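1. Predicted model and sequence follow; I will ask about them next.
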2 protein chains.
Amino acid sequence: MTGPRWIAAAWGQSSLRIWAMAGRKVLTEGASDQGVSRLGPRDFEPALLTLANDMLPLDEVTRVLICGQAGARKGWVEVPHAMVPCAPHAAPPVPAPSRDPRISVGILPGLGQTDPPDVMRGEETRIAGFLLDRASFDGVLCMPGLHGKWVRLRHGIVQGFRTMMTGEIYGLIARQSVLRPMMDDSWDEAAFRHAVDESTRHPETIVSSIFGIRASALLNTPAPGLARARLSGLMVGCDIGAMRTWWHNRPVAVLGTERVSTLYASALAAQGADVQALAGDRLTLAGLIAAHERTGHLEPSAAAHG
Amino acid sequence: MTGPRWIAAAWGQSSLRIWAMAGRKVLTEGASDQGVSRLGPRDFEPALLTLANDMLPLDEVTRVLICGQAGARKGWVEVPHAMVPCAPHAAPPVPAPSRDPRISVGILPGLGQTDPPDVMRGEETRIAGFLLDRASFDGVLCMPGLHGKWVRLRHGIVQGFRTMMTGEIYGLIARQSVLRPMMDDSWDEAAFRHAVDESTRHPETIVSSIFGIRASALLNTPAPGLARARLSGLMVGCDIGAMRTWWHNRPVAVLGTERVSTLYASALAAQGADVQALAGDRLTLAGLIAAHERTGHLEPSAAAHG
């Protein structure tokens, strides 16, 4: 016996991932491109059922626990942010309206901060997963992405955080700016490292340095991979450089997809940070499991199986 | 008698402006959206003639003097950059091939710089126009735009320059990022000034502060005009803040379109700079006139009228 069945879900702007669970064990999983940015308020339940239908027993109510953008203003139901400083899962999941009698849906709240104003939805669950084996961690999390997060953690409490639009701005510049024709699939690691170093020390010069990539190619014959690696290095270095007072002299854990985590971890290490990289995806599921175990007994549907 | 007829032209990425001249006097002018980004190598002469056709006498060869992107690699003919330090019009115009017997075309070279790598095409002519009445100017030019330029000038020589992608990045964020839904046509001047001050003092925080605009709107009801003014202020402040060592304790002249020049001049003044704003368009034409007068006699077509 591995425990009652339930469904874990992470709903982002551009994708939905779900896991059919028996206690802590993954039975099956699924994913779709039905992210929140594509959905209206009535589309959430159908989008979920498209993936979950075959996972649901007919004669039971299965609990679905969701983290991420499903709780945003234009999500399934708006879930207020829990305000920091607080634990990543300080507030219980909020019920979301559903018609199918087989499911009972709860959405985990994100975190909010007033000074400076900032928000996250989904990353708090990854933080909760990180803390499961490291309850006394006193340091900084770096969670790179479209809207990357830096998180100051002390003994299970999120002290504060900063969102960097690094990933989104990188994408806009690489795909839609005057630099686009220079982007190729190669990668010049030395150019990346050099740009990180330059931009970490002088993050304020980023807007000028970016045009330098274009200018350099007009004055000389550009080498393959140079433009992309240099743009990436300038952006990562700006991100890291702006947060130096946070990570300096504190342990840093990078939680992201493998490719981006590797870039950030190597850039931070080159700057002298005490850094480790961890797989972010697994931590999100771990955080959902922890939240399920702590709050699941509150709901009658889950209690019937307990 | 106002001097021989000729045509002045400024050819940018997104537009073409021409002036039919008699000496220094403007007879008529025209403009089109046939910028360099839309044209292949064979499209330049037809695009010019569409605007200039009625300005050309049938039985004479009229000189056409062009500044800007028409001299770029994908322009009418590639014109090498003159390398700084040098005067803005250190090198003569380069002939461009044309079929129509009524015209003789020359394109003015832009400026290049090796350390750091940078380029300009068109702004050098605006600088030449600025210098006509201020030959001994020892200070800094701020030329805001899609790819804005900062120029260190001393006694007619461009000592060095920096291009800022501020305008292009602002446009990408305002029109295509997660901030887009918050942009409206209002303007909150106090928010602009506050953001300039914040970002001038800490330009390295720009990538985080930009997301704060979004976060703030999610936590509170956003006021009209706040998001656009704040994004603009953060970008202008980052630009100004990065160039502080250039403009500090030196006179600054802002040369741009009226709207953007006013923003930069007020932001610079608030930071204590000794700043004046001038109309950039008129200076470009003044620079073309000066270049025509200095180099026009070299060409037989112009000499016939001299």
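-> Good, I have the coordinates. These numbers were taken from a predicted model, which means no experiment stands behind them.
2. Show me what the mean pLDDT comes to for stretch A:135-151.
-> Stretch A:135-151 shows a mean pLDDT of 96.
3. try stretch A:26-44
-> 95.
4. How about that stretch, which residues are buried there?
-> A:30, A:34, A:35, A:36, A:39, A:44 (16 or more other C-beta atoms under 10 Å in any protein chain shown). C-beta: built from backbone N, CA, C; applies to glycine.
5. I'd guess residue A:48 is in a strand, am I close?
-> No: Residue A:48 sits outside any strand when classified using DSSP: H, G, I helix; E, B strand; the rest coil, being helix.
6. Narrow the buried residues of stretch A:26-44 to those in helices?
-> residue A:44 (DSSP state H).
7. Tell me the one of the buried residues of stretch A:26-44 nearest chain B?
-> Checking those against chain B by C-beta to the nearest C-beta gives residue A:36 as the nearest, at 11.8 Å.
8. Any stretches of the stretch 151-300 of chain A with poor pLDDT?
-> A:296-300 (pLDDT under 70).
9. Near chain B, which residues of it are found?
-> Residues of the stretch 151-300 of chain A lying close to chain B (C-beta under 8 Å from any C-beta of the partner chain) are A:162-166, A:168-169, A:172-173, A:176-178, A:203-212, A:214-216, A:218-220, A:235, A:238-239, A:241-242.
10. what sits against the residue nearest to residue A:79 when sequence neighbours are not counted?
-> Once flanking residues are discounted, residue A:79 sits nearest to residue A:71: 3.4 Å by C-beta to C-beta, 6 or more residues apart in numbering or on different chains. By C-beta atoms under 8 Å, 6 or more residues apart in numbering or on different chains, the contact list for residue A:71 reads A:77, A:78, A:79, A:94, A:107, A:108, A:109, A:110, A:121.
11. swap in residue A:93?
-> Counting by C-beta under 8 Å, 6+ apart, residue A:93 has contacts A:65, A:66, A:106, A:107, A:108, A:109, A:291, A:295.
12. From those, which land in strands?
-> Taking DSSP state E, the ones among the contacts of residue A:93 that sit in strands are A:65, A:66, A:106, A:107.
13. so how far is residue A:124 from the residue nearest to residue A:79?
-> According to C-beta to C-beta, to the nearest Å, residue A:71 stands 11 Å off from residue A:124.
14. Next, show the common contact partners of the two.
-> A:108, A:109, A:110.
15. and the gap between the last one and residue B:120?
-> Put plainly, it is residue A:110. For residue A:110, the distance to residue B:120 - C-beta to C-beta - is 45 Å.
16. And for the second one?
-> Look at residue A:109 and residue B:120: by C-beta to C-beta, they are 51 Å apart.
17. neighbour count winner among the two?
-> Remark: of residue A:109 and residue B:120, residue B:120 carries more neighbours, 25 against 21, as counted by other C-beta atoms under 10 Å in any protein chain shown.
18. Okay, that one and residue B:257: tell me how far apart.
-> For residue B:120 relative to residue B:257 (C-beta to C-beta), the value is 17 Å.
19. Next: residue A:163.
-> For residue A:163, the distance to residue B:257 - C-beta to C-beta - is 33 Å.
20. Could you look up the SS state of the residue lying closest to residue A:24 once chain neighbours are set aside?
-> In space, not counting the residues next to it along the chain, residue A:24 is nearest to residue A:289; the distance is 5.3 Å by C-beta to C-beta, 6+ apart. Assigned by three-state DSSP, the conformation of residue A:289 is helix.
21. can you pull the contacts of residue A:289?
-> Residue A:289 neighbours (C-beta under 8 Å, 6+ apart): A:8, A:21, A:24, A:129.
22. tally of neighbours for residue A:5?
-> 19.
23. Specify the beta-bridge partners of it.
-> residue A:22 (DSSP bridges).
24. sorry, back to before: between residue A:163 and residue B:257, which is the more surrounded one?
-> Each of residue A:163 and residue B:257 has its neighbours counted (other C-beta under 10 Å); residue A:163 has more, 25 against 12.
25. My understanding was that the more buried one contacts residue B:207; is that so?
-> No: under the criterion of C-beta atoms under 8 Å, residue A:163 is not in contact with residue B:207, lying 9.1 Å apart.
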